[in-house]
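Peer 1: 3D, please:
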Amino acid sequence: MNEITRTIIIVLSLFNHTAGYSQRYDYNWVFGYAGGQGDTRWGTSFVDFNTGNPIVSYQDKGRMYIYEANASISDKEGKLLYFTNGYDVEDAYFKKVVGATNLGIKYWDGLHVNQGALFLEKPKSDSICYLIYINLILNSPIFFIQDLKYLEINKINNKVFKQDTIVYDTLNEGCLTACKHANGRDWWIILNKLNTNLFYKYLLTSKGIILKSSQNIGPIIKEGYGQAVFSPNGEYFALLDAVTFAEGLYIKLYKFDRCTGELEFIRMENYPTSSFSGISFSPNSRYLYYSEQKNLYQIDLQNLQSFDSPELIDTIESQTQWGSQYNLHQLGPDGRIYISNAYSNFVMHRINKPNEKGLACLPKSNSFALKTLGGYGIPNMPNYRLGPRDGSSCDTLEIDNIPWAWWRYDQDTSRYRCFEFVDLSGYLTEESEPEWYWDLGDGTQSRDTSPIHCFEKDGVYEVCLIVKNKYGSDTLCRTLNVGTSATNDEGKIEIKSDIFPNPASDHFVLNVYDYLPESMYLYLINAQGQTIRRERVFQGSNVIDIEQLPAGVYSVVIYERGAVVKTEKIVVRD
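Peer 2: Reported below is the predicted structural model:
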């Protein structure tokens, strides 16, 4: 980094007011499948987004089964606070929160309700967070979702000090989500009454949860297995209602006024399906994605006629040992859309560039691996980084859309020195007149939002992003080790990596951390010394298919630039 660039960064940092404004509440996801049984397939998988790209870790202490009702929350700096399956709440150390256990009917070790729980920070409070959750009432032999409850959890002493019912009524199955109010501080919580077009609208403020209004709008939402989501910019609300095998699913799209909470019905479409469905918006709020069983579709909201014939962007062809279908969606803090499997599984699906049209969005099924079985749910997260609607009648709290810098990088799989730097920054509304400034560490600068850049040679590069608008600026720098790594006393290349699960059945994963390989290959060698698999591998999670291999003990040998950097035994079982 040259002195001029360094001076610019220092000067802009003097006007950086985002230290207390960063909001990484969704930076830790938790998937639980009852650990402590001496089997690496069981336990808890943590997905940590604090370095930009997700890092998956394993913990065998967890005992919680987490299904459709999956929610977690971190503090504003990205440290995990709590997670829940809608029945119990635990902290990051697997300690149960006092007063937050046995929350309802325990059905098969957890709450089986799509989006059945949601964590929100209490406005103007650093010590209180809310858990909002669906309560099931048993009317044998059928469960009814009869009311919505909340807990106020004191983060200081890890105890619940208040519990109450928000609404007592027969509600739609799950579909619990939230959106920031136009003042940039409070939260709208909107939910539907079963088999009606009635929506309850609650507002979470510093004074608690208040019923603001109810509204009958649009067609009736039938009893079904669905998902609801707000667009990241808060302008749209979409609800997927999967009704029956014969009738299929319905997608209903509404405009949403973050100031008043009013919904405006836009349109509804009916599509064939046989259950297992999910829905999500792209980060730029232009594209709506939905899935049904093995198929994934994209709808362009700039052309509403695309509702008539959504573009099929992916069909799952290969099946894992545990089965493979699309289920619930969640936009991740890394700008990718993650989709849970419809069955308990080690792998999830991912849309890698959801802001792009058609196949350019790069959907890839069975591409993101957990370290344990996941229970076909996915963490229910609103957009925590949505600021005020500048200039609206509700923009009254003197909260500005001060930028918050965040980015990730993707390495080109064919040219290891080439990268796409993906901007993930927050609070950069069009009205705030945003600007981007990248210093790529080799004397190159860019004003693009997400530049593509190739380094001329291997090396250690400090890459910085400055985001700026009329309210302020923020800077984030990271170090990239491009084709370079540490060596031990004998001069051998050292990389940080791990292999899981071990033993394995249909696949295993090689994770490569903090190193961007030049030419890294994985060799799988059987007991007779024969190489039976050779695959190019990269930084991050590399999924290796072993479903067709006979049971036995194999050697995994990792080469980088022709030198062995890791050797490990792996057990393949039937």
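Peer 1: Ala242 contacts Gly226, correct?
Peer 2: Yes - the criterion here is Cβ atoms under 8 Å, and Ala242 meets it with Gly226 at 5.3 Å. Placement of C-beta: from N, CA and C, glycine included.
Peer 1: what's Phe265 in contact with, if anything?
Peer 2: 217-219, 252-254 (Cβ atoms under 8 Å, 6 or more residues apart in numbering).
Peer 1: Take those residues and keep only those in helices.
Peer 2: With helices taken from DSSP state H, there is no overlap with the contacts of Phe265.
Peer 1: By neighbour count, which of those wins?
Peer 2: For the contacts of Phe265, counting by other Cβ atoms under 10 Å, the largest number of neighbours falls to Lys252: 24 neighbours.
Peer 1: shared neighbours, Ala242 and Gly226?
Peer 2: With Cβ under 8 Å, 6+ apart as the test, Ala242 and Gly226 both reach 249, 277.
Peer 1: Just give me the neighbour total for Tyr513.
Peer 2: 13.
Peer 1: And the pLDDT at it?
Peer 2: Here the pLDDT value assigned to Tyr513 is 82.
Peer 1: Bridging across strands, which residues link to it?
Peer 2: Beta bridges link Tyr513 to Lys496 when assigned by DSSP bridges.
Peer 1: what's near enough to touch Ile374?
Peer 2: To be clear, residue 374 is Gly; Ile isn't right here. 31, 33, 45, 66, 340-341, 344-346, 348.
Peer 1: ok so Lys364 is a strand residue?
Peer 2: Yes - Lys364: assigned to a strand according to DSSP: H, G, I helix; E, B strand; the rest coil.
Peer 1: quick one: it and Leu331, what's the gap?
Peer 2: According to Cβ to Cβ, to the nearest Å, Lys364 stands 16 Å off from Leu331.
Peer 1: who has more neighbours, these two?
Peer 2: Leu331 (23 against 12).
Peer 1: Need phi/psi at the more buried one.
Peer 2: Dihedral pair for Leu331: phi -70, psi 130, per degrees, to the nearest 10.
Peer 1: What residues are bridge-paired with it?
Peer 2: Ile337.
Peer 1: Also Leu465?
Peer 2: With DSSP bridges as the rule, Leu465 is bridged to Trp438, Leu476.
Peer 1: give me the number of residues near it?
Peer 2: Leu465 has 26 neighbouring residues, counting by other Cβ under 10 Å.
Peer 1: Next up, the contacts around it.
Peer 2: Counting by Cβ under 8 Å, 6+ apart, Leu465 has contacts 405, 407, 421, 423, 425, 436-438, 475-477.
Peer 1: check contacts around the spatially most central residue of the chain.
Peer 2: With distances taken as Cα atoms, centre = their mean, Gly332 lies nearest the centre of the chain, 2.8 Å away. Gly332 makes contact with 26, 29, 49, 54, 338, according to Cβ under 8 Å, 6+ apart.
Peer 1: wait, isn't the third one in contact with Gly335?
Peer 2: Think Phe49. No - assessed by Cβ under 8 Å, Phe49 is found out of contact with Gly335, at 10.1 Å.
Peer 1: Flag the shaky bits of this protein, pLDDT-wise.
Peer 2: 1-22, 35-40, 105-110, 138-145, 223-224, 244-245, 274, 321, 485-492 (pLDDT under 70).
Peer 1: Break down the protein into its helices, ranges please.
Peer 2: 3-13.
Peer 1: circling back to that earlier point, so which of the contacts of Gly332 is the most crowded?
Peer 2: Ranked by neighbour count (other Cβ under 10 Å), the contacts of Gly332 have Trp29 at the top, with 27 neighbours.
Peer 1: Now do that one against Asn542, distance only.
Peer 2: To Asn542, Trp29 is 20 Å away according to Cβ to Cβ.
Peer 1: Distance to Val97 added to the contacts of Phe265, as a markdown table?
Peer 2: Output for the contacts of Phe265, formatted as a markdown table (distance: Cβ to Cβ, whole Å):
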| residue | distance to Val97 |
| --- | --- |
| Ile217 | 37 |
| Gly218 | 38 |
| Pro219 | 40 |
| Lys252 | 35 |
| Leu253 | 37 |
| Tyr254 | 35 |
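Peer 1: Please narrow those residues to those residing in strands.
Peer 2: Counting by DSSP state E, these place 217-219, 252-254 in strands.
Peer 1: ok, of those, which one's closest to Asp308?
Peer 2: The closest of those to Asp308 turns out to be Leu253 (Cβ to Cβ; 13.2 Å).
Peer 1: now that closest one, which residues is it bridged with?
Peer 2: Judged by DSSP bridges, the bridge partners of Leu253 are Ala238, Arg267.
Peer 1: just to revisit the earlier point, pick out whichever of the contacts of Gly332 sits closest to Lys201.
Peer 2: For the contacts of Gly332, the closest approach to Lys201 (Cβ to Cβ) belongs to Asp26, at 23.0 Å.
Peer 1: Contacts only, for the closest one.
Peer 2: Applying Cβ under 8 Å, 6+ apart, one finds that Asp26 lies in contact with 49, 73-74, 332-333, 379, 381, 384.
Peer 1: just Gln293 next, same as before
Peer 2: Gln293 neighbours (Cβ under 8 Å, 6+ apart): 273-276, 325-326, 342.
Peer 1: Equivalent analysis for Glu462, please.
Peer 2: 1, 439, 441, 477-480.
Peer 1: Then Thr196?
Peer 2: Thr196 is in contact with 216, 220-221, counting by Cβ under 8 Å, 6+ apart.
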